[in-house]
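> got a structure for you, letters missing:
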DNA sequence: GCTCTTATGTAACATCCGGTACAATAATAA
DNA sequence: TTATTATTGTACCGGATGTTACATAAGAGC
């Protein structure tokens, strides 16, 4: 077994608590005093475990991804690309207003430091956002090869579109938008989704019949 | 004439310079030293003119709106709601990557402080964003009354949709997206725009013929 | 038991933060 | 000229910041 005095805090727990602070106050607005108080530990413990403030922040980002992993897996396992888009945007609309974890509304990856005196922070956030966009893009690339997306559709642009919409929803949520409002916006966003001409013709014919 | 020693700086000029600092580093990341150096004035001049850091920031926001006013007026004077949407999103896609003013890519109202140790800052930003959304909503309300939008369309939701999309584009721009990428995303976003059933039927019939 | 290793709590460190006191300066008003 | 008023540059303030030194505590290995 590992020698030395054991830690008397749970890494996941203190990361969750630090997360709410970074989320609410941003990277620079979260002081070490804020963080240690919320985490229930003293500075030396924090520095021993995470190196420094930036190290803690990066650990929090990893933890954030872990907590969102389930949602992304569900989204990516949807049967067709439009379902992926729907599950993704509806999922975002839902968790963006979910404050049950004592976090503010919105998304940590958008709120905690788009601009910063230390450029590494916006960069780290952008990388984490880009990773999700990449997952969507790769899914849509496969869909296009499988004929589930029109040849004219560009997977990268579609992924960017969903990513942009999701970030936009998060900005709205942070400013106080309700779940219903976000769902209504997501609904419009989904109307833009490209479908096969065959399916489109069928759909519009159906609509015209009414 | 006004008595006392005259100022030897131009308010607009120093606000523009302060703007680039807040834009690049965020509200909390921008130190007084950064600001005074960029503005070319000393702290007492800054405090005499703007009260304090928050006062300066609010003045910068007003200045930002002034500089964007022309774009918004052009957007709102478009002949029909879909043109409004198109001009708006294409305009955002354009200025979000425009760094000719030494500002970073993106939008000051999104980047400079979504989360902050002082809640007044995110609130002020949200108000400025909401003002533009309100202008769009009121325009769409008139359009709906004028029969330029389907009865089923909700002006508030449409305005929120455009606002969310615009903010999402800004987040993408801040992370390094190109103008072409943003335009492609905006193009998809516009495909979602609601049209009259009559026009929709005509359009889809035309498409089916090809 | 003792040693080694790692974590802990207290208390402090240098540095930077936003903000200001003060005297000098430059204009107007009398 | 003199008085008045507002702005300027210098130099500094108390307090908060991120970070660490240090002595102590608590487990494992012998």
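On my side now, so go ahead. Since the model is a prediction, treat every value here as computed from it, not as a measurement.
> and the lengthiest helix in chain A, does that touch chain B?
The helix spanning the most residues in chain A, taking DSSP state H as the definition, is helix A:120-145. Yes. Interface with chain B: helix A:120-145 contributes A:122, A:126, A:129, A:130 (CB under 8 Å from any CB of the partner chain). Quick note: C-beta positions are derived from backbone N, CA and C, even for glycine.
> Tell me if I'm right that the second one and residue B:175 touch.
Yes. Between residue A:126 and residue B:175 there is a contact under CB atoms under 8 Å: 4.0 Å.
> more neighbours, these two?
Per other CB atoms under 10 Å in any protein chain shown, whichever of residue A:126 and residue B:175 has more neighbours is residue B:175, with 20 against 17.
> Tell me how far that one lies from DNA strand D.
Distance, residue B:175 to DNA strand D, using CB to the nearest atom of the strand, to the nearest Å: 24 Å.
> Show the contacting residues for that residue.
For residue B:175, the residues meeting the contact criterion (CB atoms under 8 Å, 6 or more residues apart in numbering or on different chains) are A:122, A:126, A:129, A:130.
> Look up how far residue A:166 lies from the closest residue to the third one other than its chain neighbours.
It stands for residue A:129. Among residues not flanking residue A:129 along the chain, residue A:109 sits closest, at 5.1 Å (CB to CB, 6 or more residues apart in numbering or on different chains). Counting by CB to CB, to the nearest Å, the gap from residue A:109 to residue A:166 is 10 Å.
> With residue A:150 instead?
Residue A:150 sits at a distance of 23 Å from residue A:166 (criterion: CB to CB).
> Residue numbers of chain A in contact with DNA strand C?
Chain A has residues A:2-9, A:41-45, A:48-49, A:117 near DNA strand C, with proximity defined as CB under 7 Å from any atom of the strand.
> mind running it again at 6 Å?
A:3, A:4, A:5, A:7, A:8, A:9, A:41, A:42, A:43, A:44, A:45, A:48 (CB under 6 Å from any atom of the strand).
> check those against DNA strand D, which are close?
Near DNA strand D, by the rule CB under 6 Å from any atom of the strand, you find A:3, A:4, A:5, A:43, A:44 out of the residues of chain A next to DNA strand C.
> Among these, which pair sits farthest apart?
A:3 and A:43 (23.8 Å; CB to CB).
> And those two? Which one has more around it.
It is residue A:43, of residue A:3 and residue A:43, that has more neighbours when counted by other CB under 10 Å, with 11 against 5.
> tally of neighbours for the residue lying closest to that one once chain neighbours are set aside?
In space, and not counting its chain neighbours, residue A:43 is closest to residue A:36: 5.7 Å by CB to CB, 6+ apart. Other residues lying near residue A:36 total 18 when counted by other CB under 10 Å.
> got the contact list for residue A:61?
Per CB under 8 Å, 6+ apart, neighbours of residue A:61: A:108, A:109, A:124, A:125, A:128.
> Could you list which of these also contact DNA strand D?
Answer for the contacts of residue A:61 near DNA strand D: none qualify (CB under 6 Å from any atom of the strand).
> quick one: which of those is nearest to residue B:194?
Using CB to CB, those come closest to residue B:194 at residue A:109, 30.7 Å.
> Got the phi and psi for residue A:18?
phi -60, psi -30 (degrees, to the nearest 10).
> Isn't it up against residue A:60?
Yes. Counting by CB under 8 Å, residue A:60 is a contact partner of residue A:18 at 5.3 Å.
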